[in-house]
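Colleague: need the 3D shape of this:
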Amino acid sequence: MSGYSQKVGARLRSLRKQRGLTLQQVEVLSSKRLKGSLLAAYERGDRNISVSRLHQIAMLYAVAVTQLLPEEPDTGAEPDAPSKMAIDLDKLSGLPERQSAQLSRHIATLQQQRRDFDTAVVTFRADDLEQLAQAYRTTPEMLRRSLQEWGILRRASPPHPHPPEEAD
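Modeller: Numbering: from 1, shown residues only. This next block holds a predicted model:
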């Protein structure tokens, strides 16, 4: 199958797991209109998904159909992926535990490694995001998108340049 089908599948899997659902639970919630084996094939990218099926899944997950589709970069320039991003810890604490538990553990580890406990945000570097994406079994781009949807992601501020020193 195409790389795009695999990206759609990764997005479907990510959203299902964020909701703490198994394939069997989705089958039951859909009154067996979505078979677990079929959803698994979509998630692996083994089968192309129809628009009507995509709509059905979006309704079940209570998201817009566009949230089931991976973002496509503009065909022109390479997209600017921020090298750093920040997680707002106050907003993180307001998420349901099933959504935030793994992320909270990862952040606690980063804070210990960096000895950085007294901040309102934790900055993620690209390699931090990749490790966390592996733990969530998704791609860094999909995870970044999810963090944005959860409302806990802030762009990390670039360091402020020092003003030029005046000569005496």
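
Colleague: for the chain, longest helix please?
Modeller: Within the chain, and with DSSP state H defining each element, the longest helix by residue count is helix 97-114.

Colleague: what mean pLDDT does the following helix or strand past it have?
Modeller: Remark: after helix 97-114, the chain's next helix or strand is strand 121-125, criterion DSSP states H and E. Summarised as a single mean, pLDDT over strand 121-125 is 81.

Colleague: what packs against strand 121-125?
Modeller: Contact partners of strand 121-125 among helices and strands, from 3 or more CB pairs under 8 Å, 6 or more residues apart in numbering; DSSP states H and E: strand 84-88, helix 97-114. All C-beta atoms are positioned from the backbone trio N, CA, C, and that covers glycine.

Colleague: any idea which of the ones you listed is most buried?
Modeller: Ranked by mean neighbour count under mean count of other CB atoms under 10 Å, the helices and strands packed on strand 121-125 are led by strand 84-88, which reaches a mean of 19.

Colleague: render the CA-only coordinates of that strand in CSV, please.
Modeller: What follows is strand 84-88, C-alpha atoms only, in CSV (Å, rounded to 0.1, in the frame of the first residue of the first chain):
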residue,chain,number,x,y,z
LYS,A,84,11.9,22.6,20.0
MET,A,85,8.4,22.9,21.5
ALA,A,86,7.2,23.4,25.0
ILE,A,87,4.5,21.5,27.0
ASP,A,88,2.4,23.7,29.3
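
Colleague: with mean pLDDT and distance to residue 8 as extra columns, can I get the helices and strands packed on strand 121-125 in CSV?
Modeller: Rendered in CSV, the data for the helices and strands packed on strand 121-125 read as follows (pLDDT from 0 to 100; distance: least, CB to CB, whole Å):
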stretch, mean pLDDT, distance to residue 8
strand 84-88, 81, 24
helix 97-114, 82, 22
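
Colleague: of all the ones you listed, which lies closest to residue 28?
Modeller: Across the helices and strands packed on strand 121-125, the minimum distance to residue 28, taken as CB to CB, is reached by helix 97-114, at 17.8 Å.

Colleague: and the contacts of that closest one?
Modeller: Contact with helix 97-114 is made by 18, 20, 87, 89, 92-93, 116-117, 122, 124, 128, 131-132, 135-136, 150, as judged by CB atoms under 8 Å, 6 or more residues apart in numbering.
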